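Colleague: got a predicted model here, sequence first, then my questions.
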Amino acid sequence: VDIIVLLPKGHCSKIQELQMTTVLKENVHVFGVEGNSDELDEPIKAVFADVAFVKKHHLMSLNSINWSRVLVQMAHHFFAYFRCASSLDTRPLPAVEVVVPTGAAGNLAAGCIAQKMGLPIRLVVAVNRNDIIHRTVQHGDFSLSEAVKPTLASAMDIQVPYNMERIFWLLSGSDSQVTRVLMEQFERTQSLKLPQELHSKCSPVLPGPGLCGQVPGSCPGCRTVP
């Protein structure tokens, strides 16, 4: 197995860069590339859309473009629930709040699917200054900001959380046509206002109650931290 690592120049910490560039195995190939993580994902997504090319070269991705990554993360949610639930003998089962720091929203999509399977978890999304998911949940505003804002959490410096496409599909009742239309508009205009019906499903599913027990925004003591 040959492993190809794409390193976005200037967008990783020095430790992260050294972790990737000091692997000396002959089957590991590290390439420094220009652009941020979003720009890096575009050619990868295009490559995997070419099914004949993928089959010819036996390609596989290890990020959440690959559905298998999301499947593994679903297991993480179940494992965490069984470790954290106060009791498994009560009915209904107690809810567990799971805070998900997210960039591309892969782990978030896994949590949404786990919820659909009946796992009683509340998902709380944590973002940094690149807040497209926060704006989507709070206001239905799935649109790009002017630029990616560098932060200390460089893995979360993402403006195009491509797993939101999977979440939109789940919340639309697995309506592929609706999801396709939404994502084509987003790719064409880089801006999307979610339909009210979809946003109403998105908002209660993802943010969950805060530590005070109130829905975010309804408690005067709560505030949004940038």
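Modeller: Cool, got the structure. The model shown is predicted, which means the values in this text are computed figures rather than measured ones. Residues are numbered from 1 along each chain as shown.

Colleague: and after whichever helix or strand residue 76 is part of, which helix or strand comes next?
Modeller: Using DSSP states H and E, residue 76 falls within helix 67-84. Counting by DSSP H and E, the element after helix 67-84 in chain order, helix or strand, is strand 96-101.

Colleague: angle of that next one against helix 67-84?
Modeller: Counting by axes from the mean of the first three to the mean of the last three CA atoms, to 10 degrees, strand 96-101 points 140 degrees away from the direction of helix 67-84.

Colleague: quick one: average pLDDT of strand 96-101?
Modeller: The average pLDDT within strand 96-101 is 94.

Colleague: strand partners of it, parallel vs antiparallel please.
Modeller: Strand 96-101 pairs in its sheet with strand 121-126 (parallel), by DSSP bridges.

Colleague: please save the CA atoms from the strand it pairs with in PDB.
Modeller: Below are the C-alpha coordinates for strand 121-126, written out as PDB (Å, rounded to 0.1, in the frame of the first residue of the first chain):
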ATOM      1  CA  ILE A 121     -27.400  11.500  22.400                       C
ATOM      2  CA  ARG A 122     -27.600  15.300  22.100                       C
ATOM      3  CA  LEU A 123     -25.000  16.700  19.700                       C
ATOM      4  CA  VAL A 124     -23.400  20.100  20.500                       C
ATOM      5  CA  VAL A 125     -21.300  21.500  17.700                       C
ATOM      6  CA  ALA A 126     -18.100  23.300  18.500                       C
END
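
Colleague: in it, what's buried?
Modeller: 121-125 (16 or more other CB atoms under 10 Å). Where you see a C-beta, it was placed from the backbone N, CA and C, and this is true even at glycine.

Colleague: repeat that for stretch 38-48.
Modeller: Across stretch 38-48, burial judged by 16+ other CB under 10 Å covers 38, 40-41.

Colleague: could I get those in a markdown table, plus columns for pLDDT, distance to residue 134 and secondary structure?
Modeller: Putting the buried residues of stretch 38-48 into a markdown table (pLDDT from 0 to 100; distance: CB to CB, whole Å; DSSP: H, G, I helix; E, B strand; the rest coil) gives the following:
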| residue | pLDDT | distance to residue 134 | secondary structure |
| --- | --- | --- | --- |
| 38 | 85 | 17 | helix |
| 40 | 84 | 23 | helix |
| 41 | 83 | 20 | helix |
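
Colleague: among the residues you listed, which one lies nearest to residue 59?
Modeller: Nearest to residue 59 among the buried residues of stretch 38-48: residue 41, at 14.9 Å, using CB to CB.

Colleague: how about low-confidence regions in the chain?
Modeller: For the chain, residues meeting the criterion pLDDT under 70 lie at 204-226.

Colleague: switch the cut-off to 80
Modeller: Across the chain, the ranges flagged by pLDDT under 80 are 203-226.
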